[in-house]
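Enquirer: sequence below, structure please.
(2 chains)
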Amino acid sequence: MSEAPKPDAATVERFRAVVLPHLDAAYGFARWLARDPVVAQDLAQEAMLRALRYFHAFRGEEARPWLLRIVRNTWSDLRARKGMSDRPLDEIDDRPADGPDPEQSALAGDRRRQIASALAALPAEAREILVLREIEDLPYKHIASVLDLPVGTVMSRLARAREKLAAELSNRLGRKGHGLSDL
Amino acid sequence: MDCPTCEAMVDAYVDGELSATENAAFEQALAECPGCRARLEAARDMSRLLREMPAEPASDLLRARIERELRSIAGRPRERERERVRWLALAAGLIVALGVGWIGGSMLGQGIRETDELVAGYLRVAMSDSGVEVASSDRHTVKPWFAGRIDYAPPVHDLTAAGFPLLGGRVDLIDGRKVAVLVYRRNQHRIALTLWPASGGNTTPSVDQRDGFALADWRRGGFAMRAVADLSPAEIKTFAAAVDQAVAADR
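Expert: Alright, predicted model coming up:
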């Protein structure tokens, strides 16, 4: 993207109206990418400021996928800057069942905790596409624009991600040949 | 429609990505294919489980941090009053959220009210520059500023060498008593260190975390120390260690 002009007060007001309402989505996506609440807040904040800088290039498309794409790119840059790779979850910390809100998950019982920790344990490629489809509820077309992929690749990647999640869940439950409906 | 086709359409069907014609064809094929009906059930279950997970919205603290940035970019003076009201509402909401959350936490010997007051104090310095009453990185400016404002002399150190530059200080009320608050910075984060004289020996910091927000509680050199920041528990421990080291070097 081109070097941005410094945003003026009118731009900031428009940004507040168009992009800021999607902060929850940006944070939720950041939370699943980073898998850490402190890092996710920094990531969401940096992505928001980057979005403001790029806002002059926003052409009235859907704001949410536009913002989520920036979150994802910001995450790649952060990781590159800090020399982080996408570590397996158990190397990040030793908290059990790291869903977005472990306590709430615990209250809601085993089922939610299992699905949250299974999702958190997936490799980034599978995790991000499942979050975009099932949690952000984006159609294929918008997932394609967030991930910068053709729609056909979105479909095949999503199918693989679902298989991985199902396998991860069976592993966690330590039962062979269970149906998801047993959860 | 043969089964491999039907199978390939299950995901797109669950995702609502089929055209009306494709939908109808799929549903017709499904009626004759128990295998694909099972597959469809499994796909729907998985989707439902994921969608039932509780969403975690952006915290008020994150919102307030972004507001601060937006205001510093666009700052229009005539909006200031409105912004101030909006900020106070945010702060109040955050205090309630954190206070309630911390009731069940491990803050031994620490009242809910004290925690609320510490968080409120933190918000004042974290959300606006006017929250820092004496803005200086020079301890010889900050320390004398407290004389006559509070009834004790807090140890003041610039911790730049440890990665926590001193930004300044302010006076706050904790439990009806005027106390010193020192403000430090770690990258873009701010740390409020509230300290007052307390009897008893040194303790190691106990750290509680909530919503990406950490509070450390310890005693060192005859002072009760409370550090609040939007940092990780590990970072706030590093901060506490830097404070301890500086206080120990004084003696």
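
Enquirer: and the helix or strand that contains B:Leu123, how far out from the chain middle?
Expert: Using DSSP states H and E, B:Leu123 maps to helix B:112-127. Between the centre of helix B:112-127 and the centre of its chain there are 12 Å (Cα atoms, centre = their mean, to the nearest Å).

Enquirer: what residues are up against residue 134?
Expert: Picked chain A for this. B:Ser47, B:Leu50, B:Arg51 (Cβ atoms under 8 Å, 6 or more residues apart in numbering or on different chains). To be clear about C-beta, it is placed using only N, CA and C from the backbone, and glycine gets the same treatment.

Enquirer: nope, chain B please
Expert: B:Thr141, B:Val142, B:Trp145, B:Gly168, B:Gly169, B:Arg170.

Enquirer: mind checking the SS state of the last one?
Expert: Assigned state for B:Arg170: strand (three-state reduction, DSSP: H, G, I helix; E, B strand; the rest coil).

Enquirer: can you pull out the low-pLDDT segments for chain A?
Expert: A:1-4, A:83-109, A:174-183 (pLDDT under 70).

Enquirer: walk me through the domains of it.
Expert: A:1-85, A:95-183 (automatic domain parsing).

Enquirer: pull up the residues of chain B that are close to chain A.
Expert: Applying Cβ under 8 Å from any Cβ of the partner chain, we find that chain B lies next to chain A at B:11-12, B:15-17, B:41-43, B:45-47, B:49-59, B:61-63, B:65-66, B:69-70, B:73-76, B:188, B:211-212, B:230-232.

Enquirer: tell me, what residue is most central in the chain?
Expert: No chain in the question, so chain A it is. Chain A has A:Phe29 as the residue nearest its centroid, 2.9 Å off, counting by Cα atoms, centre = their mean.

Enquirer: that's the wrong chain, I meant chain B
Expert: Most central in chain B (Cα atoms, centre = their mean) works out to B:Phe213, at 3.1 Å.

Enquirer: isn't that one up against B:Asp230?
Expert: Yes. Counting by Cβ atoms under 8 Å, B:Phe213 touches B:Asp230, with 5.3 Å between them.

Enquirer: so what sits against both of the two?
Expert: B:Leu61.

Enquirer: burial count for the residue lying closest to B:Ala224 once chain neighbours are set aside?
Expert: Of all residues not flanking B:Ala224 in the chain, B:Ala198 sits nearest, at 3.7 Å (Cβ to Cβ, 6 or more residues apart in numbering or on different chains). Counted with other Cβ atoms under 10 Å in any protein chain shown, residues neighbouring B:Ala198 total 11.

Enquirer: now do the contacts for B:Ala198.
Expert: B:Ala198 touches B:Arg219, B:Gly222, B:Phe223, B:Ala224, counting by Cβ under 8 Å, 6+ apart.

Enquirer: where do the strands sit along chain B?
Expert: Along chain B, counting by DSSP state E, strands occupy B:134-135, B:166-174, B:177-186, B:189-197, B:206-210, B:213-220, B:223-229.

Enquirer: how much space separates A:Ala57 from A:Lys141?
Expert: 20 Å (Cβ to Cβ, to the nearest Å).

Enquirer: ah, wrong one, I meant A:Glu125
Expert: From A:Glu125 to A:Lys141 the distance is 19 Å (Cβ to Cβ).

Enquirer: tell me where the chain has helices.
Expert: With no chain named, the answer covers chain A. A:9-18, A:23-34, A:37-54, A:63-81, A:89-92, A:102-107, A:110-121, A:124-130, A:140-147, A:151-173 (DSSP state H).

Enquirer: actually, chain B is the one I wanted.
Expert: Using DSSP H, helices in chain B cover B:3-14, B:20-31, B:34-51, B:60-74, B:80-103, B:112-127, B:139-146, B:233-250.

Enquirer: and among those helices, the most buried is which?
Expert: helix B:112-127 (a mean of 21; mean count of other Cβ atoms under 10 Å in any protein chain shown).

Enquirer: report the angle between the axes of it and strand B:223-229?
Expert: 60 degrees (axes from the mean of the first three to the mean of the last three Cα atoms, to 10 degrees).

Enquirer: isn't B:Arg51 right next to A:Ile135, touching?
Expert: Yes. The pair B:Arg51 and A:Ile135 passes the contact test of Cβ under 8 Å, sitting 7.2 Å apart.

Enquirer: re earlier: can you say which of the helices of chain A is packed in most?
Expert: helix A:23-34 (a mean of 24).

Enquirer: then that one to CSV, C-alphas only?
Expert: Extracted C-alpha coordinates of helix A:23-34, given in CSV (Å, rounded to 0.1, in the frame of the first residue of the first chain):
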residue,chain,number,x,y,z
LEU,A,23,-13.1,-4.1,17.2
ASP,A,24,-14.7,-7.1,18.9
ALA,A,25,-14.2,-9.2,15.8
ALA,A,26,-10.6,-7.9,15.4
TYR,A,27,-9.8,-8.8,19.0
GLY,A,28,-11.6,-12.2,18.8
PHE,A,29,-9.5,-13.1,15.7
ALA,A,30,-6.4,-11.8,17.4
ARG,A,31,-7.1,-13.9,20.4
TRP,A,32,-7.3,-17.1,18.4
LEU,A,33,-4.2,-16.2,16.4
ALA,A,34,-2.0,-15.2,19.3
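
Enquirer: which helices and strands sit right next to that helix?
Expert: Packing contacts for helix A:23-34, counted by 3 or more Cβ pairs under 8 Å, 6 or more residues apart in numbering or on different chains; DSSP states H and E, involve helix A:37-54, helix A:63-81, helix A:124-130, helix B:60-74.

Enquirer: between those, which one is closest to B:Ala162.
Expert: Closest approach to B:Ala162 among those (Cβ to Cβ): helix A:37-54, 19.1 Å.

Enquirer: which regions of the stretch 151-251 of chain B lie under the pLDDT threshold?
Expert: B:210-212.

Enquirer: list the contacts of stretch B:7-24.
Expert: A:133, A:139-140, A:155, A:158-159, A:162, B:26, B:35-36, B:39-40, B:43-44, B:47.

Enquirer: distance between stretch B:229-237 and the chain's centre?
Expert: That offset, for stretch B:229-237, works out to 10 Å (Cα atoms, centre = their mean).

Enquirer: er, stretch B:180-198 I mean
Expert: 15 Å.

Enquirer: beta-bridge partners for the nearest residue to B:Ala135 once chain neighbours are set aside, please?
Expert: Sequence neighbours aside, B:Gly168 is the residue nearest to B:Ala135 in space, at 4.1 Å (criterion: Cβ to Cβ, 6+ apart). Beta-bridge pairing for B:Gly168 (DSSP bridges): B:Ala135, B:Val183.

Enquirer: shouldn't B:Gly168 be in contact with B:Val183?
Expert: Yes. Between B:Gly168 and B:Val183 a contact is recorded at 5.3 Å, counting by Cβ under 8 Å.
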